[in-house]
Structures are given as structure tokens and as C-alpha cells.
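A.B. asks: A structural model of the following input is requested.
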Amino acid sequence: MNRIKKIIAKIDTPLWLEILFAVLLILRIPSFFEPYYYGDEMIYLTLGEGVRQGVPLYLGLHDNKPPLLYLTAAVAGNLFFFKVILAFWSLITVYGFWKLISSIFPEKKTLHKISTIIFGLLTTLPLLEGNTVNAELFMIGPIIFAFWILLTKKNNFKNVFISGGLISIAALFKIPAAFDILGIVAFWAIFVKKDTFFEFIKKCIYLSLGFIVPIGLTFIWYYFAGALKVYLVAAFLQNFGYVSSWRPTDIAKPFLVKNAPLLIRAGIFVLGIGVLFISKKKFSKNFIFVSAWLLATLFAVTLSERPYPHYFVQSIAPVSILLGMLITLKTIEQSLVVIPLTLVFFVPFYYKFWYYPTSTYYLRFIDFVSGKITKDVYFSKFSPNVNMNYKLADFLIKSSNKDDKIFIWSNDAPAIYSLSRRLPPTKYVADYHFLDFSNKEYVFDVLSKNKPKFIIITPNSFRFPELSDFVQKNYYLISEVDSSQIWLYIKK
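C.D. replies: Sure thing, here's the model as predicted:
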């Protein structure tokens, strides 16, 4: 307890940062009232519920991320507390960002404020899905604290090892976090001299060891749980399929042709680092560090070529610093930051990144809390199927026990599972899991063996006529909810 008090006493934050914390918390309030609708959040909560019920991850329930996000969902237990955990995690991340930028620009207080405010807003507002629980918002915090240690503390074994461990923890939320290592290693390499080369190699080894240990411990855990192979495939190897996965017509093409865009992006990263190396005497170390970090994160952001806005969160820290430099500096580097920032704005433009309207999000919430619209209307504005999902979940809660298995064929299956706190008889919880990682024979084999108490088929599901034939032969249609069919298994 005394140790905690001492740590708290050392946290000396300026008034403007405390005001920013309050503003960011206020901006997150609407997220606490969101319905169960966002697909990724629903999958995390469903797997989290599985953990709470003793179902082993990956072996008993599947998704393609490392375990920390599902374990966080298990701790939360429901969407409200999931959002609350994210809110306070995000405040700690903003604090870490302020510590980092204050350390590398100790005399630039205006830069601290501008960059931290930009960072806080971009990681909170709906524009880049700051209101949703996603892996990127969790993983950037450990990375920021790792870089703070590396740039402000002595680079001995302990500090570098701990930093590698923090980046590993970030990667256990989502694997692309590992690419941030390229940023700091490239920064070190740019300033290597003949007499410091061995020191550079040692730091890389220490960092690698720190990175390997937490991930290695998960391998040991899942080995003894009898799930190492499925863990490796689901959390790591299947992610390779995400690379260029939005170009399915390229699968049959030769390796170099198929992977040409990825190789070009890697070439841009190497070229950028090369330019920084050649120009290192003209630039400040801070400019070189932030630019190298940005190049590494942009490579990670574009790995899959998918336009999801929360992917871009991985680049927000270096982007915020560069924007702060652009606004506040009075040196030649104020002009030079335009070069990396041009690349920043090119990426979402070229890959047609989606974005979400911010004003609409908050105006809708104001209409709800002021009584202008009802709860049902408010929920329906997030997704037209939300209210139907709540009705189906309510039926399951009233008509089944928690250990009863339920099979739901729907685009919104994870939402219904997480709302009702019921689990499927299969390891897959979302329809695209079946389409991407399974086949119809697996579905019918599992359903025949486990005979879930209820099977629900919603009108917004992928066409699966064989499933309709199966339930008509083995189940009785007992109810319809907004055109969704609820089938009950009765022993014949």
C-alpha cells in the first residue's frame, strides 16, 4: 500500500492534462450506452464469456487474435465494463504519451499540449473508432511506455528487456504491434558507429529476449493445455492470410506478382530509413526517431490492405508528434515534417480508409438522453438488427439454462451469444469463421453430435439451404421473432 502511495505521489500532472483527462472521459460517456452491435466487440465478449465458463480459448472457441483481448473481455463480463476498462486504459495511454513527448522535447511545453491533445482526441473520437473496444487502442499503450523507457533510461539489460516485454504484451493484443520494434531498431541503427556496433547488437538481443519471453510463456501455457497447435494457427499463422487478403484474385499468381504491393511497401520503409541515415547530420534525433517510428507503423497499418479505420490507430502517436511539431516549431524541421505527414495522408487516401462521423454520433446520444428518441430508435440507428438481437437474446435467457448450447446462424450471431451469455456447440462463433475456416460437413457433424437445444436462423444470414433442411428434419419451429426462426430440439 505504501509503495502504491509513493507511485501515485510521483505522478505530477499539469492542470491542462487533468482537464484533458476529464474531457476525454466525457467524450467517452456515450460509448457506455452503446448497444451490443459492433461485430468485433461481440466476438471478444463471446470468447470472454467462454473463458468465464471454463471453455479453453482456441481449442473450444476460435478467433484469430492472441489471448489478451479475450481475457480482458472475460474480466469485464459485459459491454459496459469492457468500455469502462478501455476508457481508463486510454487515459493511462494518454499519460504515457505525455510522458514520452515531455521527455524527448523537454523545453517545448506548447508542443506537449498540442500533440497530447491531438493524440487524446484521435484515440477517443469515433472518427477512427476510438469509441469501440479494439486491439489497437490497447496495444499502443505498452508500446509508448516501452519507447519512453528506451529513450529516457539507460539502455542496460533490465530496461531494454522490460521494453521488449512491453512490446510483447502489446503484440499479445494484436500481432502487428511487433512491427513497432522496427522503428526503434532502425533509429538505433542510423546512429551506429564502429565503436558502438557491439552495443547496438547487445541492445537488439536484449530487446528480442524481452519480446520473446511473454509470448513464449503463452506457448508453454497452451502446450500444457493441449492447444499449442491450434493456438499457433489461430493467433499467429492465420494472420498471414490477412496480408493482401482483399485481393483474392491474386492468390493464383506467382509469388512476386502476388506480393508485389507488400514488397513495394517494404521497399518504401527501407528507402525512408536510408534517407534518414544519409541526412542524419541535418535532422535532430527526435525528428529521425519519430519518422522511423511512423514508417514502421504505416507498414503495419497497411499489411492487410484493409480499410478499417481502427487500424490507423497504430500510427496515431508519431502522427500526433509530427502535427505538434508542424504547429509549434519555429525551425527548419517545421517544414520538413510535411514530408512524412504527406505519406500519412496518402495512406488512408490510397487505401480508401473508412471513417465514422463524429458529430452524428454525439448528436444522436443527446437526442436519446434528452428524450427526443426512444431507446429502441436509438439502438436501431447503430444497426437495423439490434432490437431483433435483443429480443432473441431475451428469449434465450428466459428459455434456456446457461450451460445449454445454442446454435445461431446469423451475421449478428456473436451479438446474440454475448447478450444471452450462451455459447455455441462449435468452436466458431461468427458466420465468417465457418465460411473462412470450416465447411458444411463440420457444421452438420457438430450439430448432430451435440444437438443444441435451440437453433436460430435470422433473415440477415448467409444463404445456407442445407441448414434449413437439417433443422426441419430434427427440430420444431416454435417461434418467429422479426422474421427470425427459433427451432427447438425435441427427442423423437
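A.B. asks: Where does the prediction get shaky in this protein?
C.D. replies: Applying pLDDT under 70 to the chain flags residues 1-11, 239-258, 492.
A.B. asks: Relative to residue 34, how far out is the residue nearest the centre of it?
C.D. replies: Central residue of the chain (Cα atoms, centre = their mean): residue 135, 1.8 Å from the mean position. From residue 135 across to residue 34, the span is 18 Å (Cβ to Cβ, to the nearest Å). Just so you know, the C-beta spots here come from the backbone N, C-alpha and C atoms, and that holds for glycine as well.
A.B. asks: Just give the nearest non-adjacent residue to the residue nearest to the centre of the chain, would you?
C.D. replies: residue 174 (3.6 Å; Cβ to Cβ, 6 or more residues apart in numbering).
A.B. asks: Please report phi then psi for the one you found.
C.D. replies: Taking degrees, to the nearest 10, you get phi -160, psi 130 for the backbone angles of residue 174.
A.B. asks: wait, it sits on residue 139?
C.D. replies: Yes: using Cβ atoms under 8 Å, residue 174 makes contact with residue 139 at a distance of 5.4 Å.
A.B. asks: neighbour count winner among the two?
C.D. replies: Taking neighbours as other Cβ atoms under 10 Å, residue 174 and residue 139 compare with residue 139 leading, 28 against 23.
A.B. asks: distance of the more buried one from residue 65?
C.D. replies: 10 Å.
A.B. asks: overlap in contacts of these two?
C.D. replies: 173-174 (Cβ atoms under 8 Å, 6 or more residues apart in numbering).
A.B. asks: in terms of contact, does residue 351 touch residue 298 like I think?
C.D. replies: No: Residue 351 is beyond contact range of residue 298, at 10.6 Å (criterion: Cβ under 8 Å).
A.B. asks: Of all the residues in the host helix or strand of residue 293, which ones are buried?
C.D. replies: Using DSSP states H and E, residue 293 sits within helix 285-301. Buried residues in helix 285-301, defined by neighbour count with 16 or more other Cβ atoms under 10 Å: 286-301.
A.B. asks: Run a quick neighbour tally on residue 37.
C.D. replies: Residues near residue 37, counting by other Cβ under 10 Å: 20.
A.B. asks: ok, now the one 5 residues further on?
C.D. replies: By the criterion of other Cβ under 10 Å, residue 42 has 24 neighbours.
A.B. asks: what helix or strand does it sit in?
C.D. replies: helix 39-52.
A.B. asks: Pull the distance from the following helix or strand past that helix to the chain's centre.
C.D. replies: Proceeding N to C from helix 39-52, the next assigned helix or strand is helix 68-76, under DSSP H and E. Distance of helix 68-76 from its chain centroid, counting by Cα atoms, centre = their mean, to the nearest Å, is 13 Å.
A.B. asks: what does stretch 385-396 give?
C.D. replies: 26 Å.
A.B. asks: Same question for stretch 383-390.
C.D. replies: For stretch 383-390, the distance to the chain centre is 24 Å (Cα atoms, centre = their mean).
A.B. asks: for that stretch, which positions count as buried?
C.D. replies: Those would be 383, 385-390, for stretch 383-390 by 16+ other Cβ under 10 Å.
A.B. asks: swap in stretch 222-236?
C.D. replies: Quick answer for stretch 222-236 (16+ other Cβ under 10 Å): 222, 227-228, 230-231, 234-236.
A.B. asks: Turn the residues you listed into CSV, including secondary structure and distance to residue 340.
C.D. replies: CSV is the format used below for those (DSSP: H, G, I helix; E, B strand; the rest coil; distance: Cβ to Cβ, whole Å):
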residue, secondary structure, distance to residue 340
222, helix, 39
227, coil, 42
228, helix, 41
230, helix, 40
231, helix, 37
234, helix, 35
235, helix, 32
236, coil, 30
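A.B. asks: Buried ones in the helix or strand harbouring residue 138, by neighbour count?
C.D. replies: Following DSSP H and E, the helix or strand that holds residue 138 is helix 135-152. For helix 135-152, a neighbour-count test (16+ other Cβ under 10 Å) marks 135-151 as buried.
A.B. asks: hmm, back to that, the residue nearest to residue 135: what's it in contact with?
C.D. replies: 65-66, 69, 135-136, 139.
A.B. asks: go on, residue 348?
C.D. replies: 307, 312.
A.B. asks: ok, now with 7 Å
C.D. replies: Neighbour list for residue 348: residue 312 [criterion: Cβ atoms under 7 Å, 6 or more residues apart in numbering].
A.B. asks: Please report phi then psi for it.
C.D. replies: With angles defined as degrees, to the nearest 10, residue 348 sits at phi -70, psi -30.
A.B. asks: From residue 315, how far off is it?
C.D. replies: Distance, residue 348 to residue 315, using Cβ to Cβ: 10 Å.
A.B. asks: can you list the domains in this protein?
C.D. replies: Split into domains by automatic domain parsing, the chain comes to 12-350, 386-489.
A.B. asks: Make JSON lines out of those domains and add distance to residue 358.
C.D. replies: Shown next, in JSON lines, are those (distance: least, Cβ to Cβ, whole Å):
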{"stretch": "domain 12-350", "distance to residue 358": "5"}
{"stretch": "domain 386-489", "distance to residue 358": "21"}
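A.B. asks: So for residue 376, which of the ones you listed sits nearest?
C.D. replies: domain 386-489 (5.4 Å; Cβ to Cβ).
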